[in-house]
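Participant: Would you be able to build a 3D model of this:
(chains A and B)
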There are 2 protein chains.
Amino acid sequence: MSFDAVDVIRTKRDKGELSDGQIDWVIDAYTRGDVADEQMSSLAMAILLNGMTRREIARWTAAMIASGERMDFAKLSRPTADKHSTGGVGDKITLPLAPLVAACGVAVPQLSGRGLGHTGGTLDKLESIPGWRAALSNAELMNQLEDVGAVICAAGDGLAPADKKLYALRDVTGTVEAIPLIASSIMSKKIAEGTGALVLDVKVGTGAFMKDLADARELAETMVALGTDAGVRTVALLTDMSTPLGLTAGNALEVRESLEVLAGGGPADVVELTVALAAEMLAAAGVTDVDPAEKLRDGSAMDVWRRMIAAQDGDPDADLPVAPEQHVVKAEQSGVLSRLDALAVGVAAWRLGAGRARKEDPVSPVAGIELHAKPGDEVTAGQPLLTLHTDDASRFDRALESLADAVDIGTAYEKQPLIIDRVTA
Amino acid sequence: MSFDAVDVIRTKRDKGELSDGQIDWVIDAYTRGDVADEQMSSLAMAILLNGMTRREIARWTAAMIASGERMDFAKLSRPTADKHSTGGVGDKITLPLAPLVAACGVAVPQLSGRGLGHTGGTLDKLESIPGWRAALSNAELMNQLEDVGAVICAAGDGLAPADKKLYALRDVTGTVEAIPLIASSIMSKKIAEGTGALVLDVKVGTGAFMKDLADARELAETMVALGTDAGVRTVALLTDMSTPLGLTAGNALEVRESLEVLAGGGPADVVELTVALAAEMLAAAGVTDVDPAEKLRDGSAMDVWRRMIAAQDGDPDADLPVAPEQHVVKAEQSGVLSRLDALAVGVAAWRLGAGRARKEDPVSPVAGIELHAKPGDEVTAGQPLLTLHTDDASRFDRALESLADAVDIGTAYEKQPLIIDRVTA
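Facilitator: Numbers count the residues shown, from 1 in each chain, chains lettered A, B, ... in the order given. Below you'll find the model as predicted:
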């Protein structure tokens, strides 16, 4: 059956519910180029402003999955679990998490993206390791999953091509921040990927897409329902992103911090979240008799990391690159660090070269920010608070502008929980 | 100053007010191609759903005017007045009106468009006159205005090119029905055209863009304010479009009916509206001592018509083309014709070939519908109600489908006023 793009747009514009036929048609026609970008963008804006029912979101997601291939891990000798984070500042959790979960006996097919805007991309981080390559064929992915148990690689072009096209369009048309579109974009790729279990890390706070808890909860509930309905055991954690995770934001800087975690050390918040997400992934995959914290301590997660990096031609023993230009920001007064804003740090790291403004931009492996204190820490006037890293000293000014209002030093700090809530089907 | 398209879109999406700088930039950048169609369409949808303040609409209109040339009629020996109708079924009023007002001493520069969808276009109607051409240079337009006093021609490409581009985009992206965009589109062209006075005929009813009175009133008030602020004496009539105007819808059919009006006859509603609009145009142009009804009766409007058509190479004495295929729809019962739906008749005429689905489609000069009765008339079972005209008998079926529910015959009819209200600054 054929539909008319303007009729579909008008239906959503006038607060109607799109039929299954309309959704299937518009996604397929857009993928083929029969619905133009300017039509899809006005539809996306109407969806953003008028919303979608759960039924519409489920159908939209299914149509995006149907636009491409589906992978199948049923032949693997162990269960699979994947994790998705909605993106934050200093969020390097995937790096220690994937080998940790694999060390516990569950295979992790982590198909990842690159960073856009102030949130870093997992592939960009790993590419700071000399030799490491992000692109794997489906056969390589499957072999590595069986042999090593963990893969972090670029999602192939075959998965949900409709989403790929729509994501790029939303980025330039002010239609990113729509819960139905965010949820269907994430879940179409994860369901098409074929994971058996999925744990979602939905960030809340200044450094996250979702600035407030109600929106984050709605997004989490929407995604958990989509996954569950598609037969994927799905659970979500709502986690704090008002301040950066750990003590680094940037590519090589975050790899270094991840190695500390894999070596049994590292910042407490990164360890807490890594272990919590690992426990969720194991439970969702049906593995309940392994303690992930123990696998960090005993070095088995680090062993998987080394094999995982080497399998993708990276040298796990290579020195990571270091920024030639560094600038220290000092505390202006003594007291308790009561706020260190995630968004400001993320934007500053991006301006130093760690992220990209457009998809085709390169990123610097060395650029980023080191934190020398976290909210709640006592600081003394003149002590280093942040170190800015870059290839190009001319970038400091703009980065410092972003940090101008990033820090509060006061007399007290009320600790917020890192893991705010847990959402299940 | 430079802006970012996504920031502009987000401002309106999040229910903010666009700044003068944002509006000027986005219109200019869109005209130049630096803002992409898919960005402008998502902005248009955000405007449609979130609205614009009067200040934003005024600035948007000014920016569209500034995208092109402005004409100036100050050197003419008489005042100018123009009319714009928001479009209806059987709305041939421009045809007798322009020469009538010119016969009363006021010059009428009527830059018109073509029909799209179920409403007919003035230029399409006049092109059913053998030889007549719509395209005039600015110099020809000015000379004809001075010599004849009335011009109906195609708007040149130089006026408000931003509007031209945006109008085509809105047509395919479901963003036509936004009052700020409709008002700014109409008024940017009329203000750029340089008329001294402007009378707006804002239609209300099934056959009009505006289906209900509140929307029509808002559109009228918005346009009157825009014109007044730009120094154009502007007034609007709200007029009924629940049933077609006159007894014809179609190109040559409407020219024939207009000639009847110019000859002192014609349907009462067409005469009523023509004279009322003429009186408004004369008053707005400062001419208060001429009775337009008299100029219809004494043949002076017809004289101007003949000179106006001849000046554009049309033959005022040529026979108008007649449809080779005709089909009569008869009354199914006796009684009072209580409803004859404008939209159904408009769509049927369009399906018979009188209008176009896409801008590049040709129109048939002969296709259309003749009405043999109007709401309020007594009819007898079996008497002709409508005659369908077309080049192609295979079109009757689809036209008749559109007419299936167009007619009610009952026992009573409460006459509605044709002119519902008058809106002034």
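
Participant: What's the local residue count around A:L277?
Facilitator: Other residues within reach of A:L277, judged by other Cβ atoms under 10 Å in any protein chain shown, total 27. Heads up, the C-betas are built off the backbone N, CA and C, glycines and all.

Participant: Near chain B, which residues of the stretch 1-150 of chain A? Just list them.
Facilitator: Residues of the stretch 1-150 of chain A lying close to chain B (Cβ under 8 Å from any Cβ of the partner chain) are A:5-6, A:9-10, A:13, A:36-46, A:48-50.

Participant: Just give the number of residues close to the one residue in the stretch 1-150 of chain A that gets nearest to chain B.
Facilitator: Among all residues of the stretch 1-150 of chain A, A:I9 sits closest to chain B, at 3.2 Å; criterion: Cβ to the nearest Cβ. Counted with other Cβ under 10 Å, the neighbours of A:I9 add up to 27.

Participant: Which residue, neighbours along the chain excluded, lies closest to it?
Facilitator: Closest residue in space to A:I9, ignoring its immediate chain neighbours: B:G174 at 3.2 Å, by Cβ to Cβ, 6 or more residues apart in numbering or on different chains.

Participant: go on, A:A284?
Facilitator: The spatial neighbour of A:A284 that comes closest, neighbours along the chain excluded (Cβ to Cβ, 6+ apart), is A:A197 at 3.5 Å.

Participant: Looks like A:R297 contacts A:G266 (just checking).
Facilitator: No. Taking contacts as Cβ atoms under 8 Å, A:R297 lies outside contact range of A:G266: 11.9 Å.

Participant: neighbour count winner among these two?
Facilitator: The residue with more neighbours, out of A:R297 and A:G266, is A:G266; 21 against 12, by other Cβ under 10 Å.

Participant: Contacts only, for the more buried one.
Facilitator: Going by Cβ atoms under 8 Å, 6 or more residues apart in numbering or on different chains, A:G266 touches A:96, A:246, A:257-258, A:260.

Participant: Could you rerun that using 7 Å?
Facilitator: Counting by Cβ atoms under 7 Å, 6 or more residues apart in numbering or on different chains, A:G266 touches A:257, A:260.

Participant: Which of the three states applies to it?
Facilitator: coil (DSSP: H, G, I helix; E, B strand; the rest coil).

Participant: For my notes, confirm A:L385 occurs in a strand.
Facilitator: Yes. Under three-state DSSP, A:L385 sits within a strand.

Participant: I figured A:G87 hits A:F209, correct?
Facilitator: Yes. Assessed by Cβ atoms under 7 Å, A:G87 is found in contact with A:F209 at 6.4 Å.

Participant: Next up, phi/psi of A:L237, please.
Facilitator: phi -110, psi 140 (degrees, to the nearest 10).

Participant: Surely it and A:R422 touch.
Facilitator: Yes. Contact status for A:L237 versus A:R422: in contact at 5.6 Å, counting by Cβ under 7 Å.

Participant: Of those two, give the one with the bigger neighbour count.
Facilitator: A:L237 (22 against 12).

Participant: Let me see the domain layout of chain A.
Facilitator: Per automatic domain parsing, the structural domains of chain A span A:5-51, A:82-159+A:190-311, A:325-410.

Participant: possible to save the ones you listed as CSV with mean pLDDT?
Facilitator: Below are the domains of chain A laid out as CSV (pLDDT from 0 to 100):
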stretch, mean pLDDT
domain A:5-51, 97
domain A:82-159+A:190-311, 95
domain A:325-410, 95
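
Participant: for those, which one sits closest to B:L343?
Facilitator: Closest to B:L343 of those is domain A:5-51 (Cβ to Cβ; 15.5 Å).

Participant: and that closest one, how far from the chain's centre?
Facilitator: 27 Å (Cα atoms, centre = their mean, to the nearest Å).

Participant: Likewise for stretch A:80-91?
Facilitator: 4 Å.

Participant: surely A:E257 meets A:L245?
Facilitator: No. The pair A:E257 / A:L245 is not scored as a contact, 9.3 Å apart, by Cβ under 7 Å.

Participant: Those two: who's more crowded?
Facilitator: Neighbour totals were compared for A:E257 and A:L245, and A:L245 leads with 29 against 25 (other Cβ under 10 Å).

Participant: so which strand or helix has the more buried one?
Facilitator: Using DSSP states H and E, A:L245 sits within no helix or strand.

Participant: My guess is it contacts A:D91. True?
Facilitator: Yes. If you go by Cβ under 7 Å, A:L245 and A:D91 touch, sitting 5.3 Å apart.

Participant: returning to that earlier point: who has more neighbours out of A:G87 and A:F209?
Facilitator: Set A:G87 next to A:F209 and count neighbours by other Cβ under 10 Å: A:G87 wins out with 24 against 20.
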